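**Student:** output the structure for:
(2 chains)
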Amino acid sequence: AQTVTQSQPEMSVQEAETVTLSCTYDTSENNYYLFWYKQPPSRQMILVIRQEAYKQQNATENRFSVNFQKAAKSFSLKISDSQLGDTAMYFCAFMNLNFNKFYFGSGTKLNVKP
Amino acid sequence: KAGVTQTPRYLIKTRGQQVTLSCSPISGHRSVSWYQQTPGQGLQFLFEYFSETQRNKGNFPGRFSGRQFSNSRSEMNVSTLELGDSALYLCASSLALSRGYDEQFFGPGTRLTVL
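**Tutor:** Model prediction:
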């Protein structure tokens, strides 16, 4: 069975600083995708970044980057130059390509302080 | 292009009642997935519908059911409501042109409170 674990229920960071959110997953599959989703307060969930398991290069989207360690089954999200608008719940997710199913972690609430 | 819409946005029911939630996917999207979001549990996958057929199912009791119509709109039904069913129910749609990765677009959710 696939599981996704986010061990940090809540984190805080000062505006303009860098923060890293942790995620580990467990799977026996070799063909999968990993995602970070952002859910701002009372707003819709949106995709932040995705990583294909077969790619060794870490994905980057502007201020957001990941550290993908396949052997360790670790997938952390780094947010650089944090902004007030980054305040949100962040969910790590795993997609099993063979079954087209998503598995989500329990989320990390990130507070960006001015 | 309009995003995923869900109705109603808020719902209050009592134990034992049943409820139907609706999801309209983005135009052209053929797959609709449903998730239950509760504090501390994150999102748990309920089921996915594609071309009016349930393609995937999570580990929820039979009280949770769904369907998809020919226009890809989907409904989710929960019968004999329990207090533990209180949650934010999210729907997500995707193009589903082929098997494999397909970005999901989420709706705003329906907040269900069971008293």
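
**Student:** enumerate the residues of chain B near chain A.
**Tutor:** In this structure, chain B approaches chain A at residues B:3-4, B:33, B:35, B:40-45, B:48, B:55-56, B:90, B:92, B:99-104, B:106-109, judged by C-beta under 8 Å from any C-beta of the partner chain. The way it works is simple: take the backbone N, C-alpha and C, and place the C-beta from them, glycine included.

**Student:** where does pLDDT dip in chain B?
**Tutor:** Scanning chain B for pLDDT under 70 picks out B:1, B:97-100.

**Student:** now do the strands in it.
**Tutor:** Secondary structure of chain B (DSSP state E): strands located at B:5-7, B:10-13, B:19-24, B:31-38, B:42-50, B:53-57, B:64-68, B:74-78, B:87-94, B:105-106, B:110-114.

**Student:** could you list the low-confidence segments of chain A?
**Tutor:** In the prediction, chain A carries residues with pLDDT under 70 at positions A:1, A:99-100.

**Student:** the residue sitting nearest the centre point of it and B:Val32: what is the separation?
**Tutor:** Nearest to the mean C-alpha position of chain A, by C-alpha atoms, centre = their mean, lies A:Trp36 at 3.2 Å. Using C-beta to C-beta, to the nearest Å, we find A:Trp36 at a distance of 22 Å from B:Val32.

**Student:** check A:Lys55 too.
**Tutor:** For A:Lys55, the distance to B:Val32 under the criterion C-beta to C-beta works out to 29 Å.

**Student:** who has more neighbours out of the two?
**Tutor:** B:Val32 (30 against 11; other C-beta atoms under 10 Å in any protein chain shown).

**Student:** so what's the more buried one closest to, chain neighbours aside?
**Tutor:** Here the nearest residue to B:Val32 in space, its sequence neighbours aside, is B:Ser74; by C-beta to C-beta, 6 or more residues apart in numbering or on different chains that works out to 4.1 Å.

**Student:** what residues are bridge-paired with that neighbour?
**Tutor:** The residues listed as beta-bridge partners of B:Ser74 by DSSP bridges are B:Cys23, B:Gln68.

**Student:** picking that back up, for whichever strand or helix holds the residue nearest to the centre of chain A, packing partners?
**Tutor:** With the criterion set as DSSP states H and E, the secondary-structure element containing A:Trp36 is strand A:32-39. Helices and strands in packing contact with strand A:32-39 are listed as strand A:46-52, strand A:64-69, strand A:74-79, strand A:88-96; criterion 3 or more C-beta pairs under 8 Å, 6 or more residues apart in numbering or on different chains; DSSP states H and E.

**Student:** packing partners for the first one?
**Tutor:** Put plainly, it is strand A:46-52. Based on contacts counted as 3+ C-beta pairs under 8 Å, 6+ apart, the elements that strand A:46-52 packs against are strand A:32-39, strand A:60-61, strand A:64-69, strand A:74-79.

**Student:** hang on, the earlier thing: list the buried residues for the strand holding A:Trp36?
**Tutor:** Within strand A:32-39, the residues that qualify as buried by neighbour count (16 or more other C-beta atoms under 10 Å in any protein chain shown) are A:Tyr32, A:Tyr33, A:Leu34, A:Phe35, A:Trp36, A:Tyr37, A:Lys38, A:Gln39.

**Student:** and for stretch B:41-61?
**Tutor:** So for stretch B:41-61, counting by 16+ other C-beta under 10 Å, buried means B:42-50, B:55-56, B:58, B:60.

**Student:** residues in contact with that stretch?
**Tutor:** A:4, A:6, A:91, A:93, A:99-107, B:30-38, B:64, B:66-70, B:74, B:76, B:89-90, B:96 (C-beta atoms under 8 Å, 6 or more residues apart in numbering or on different chains).
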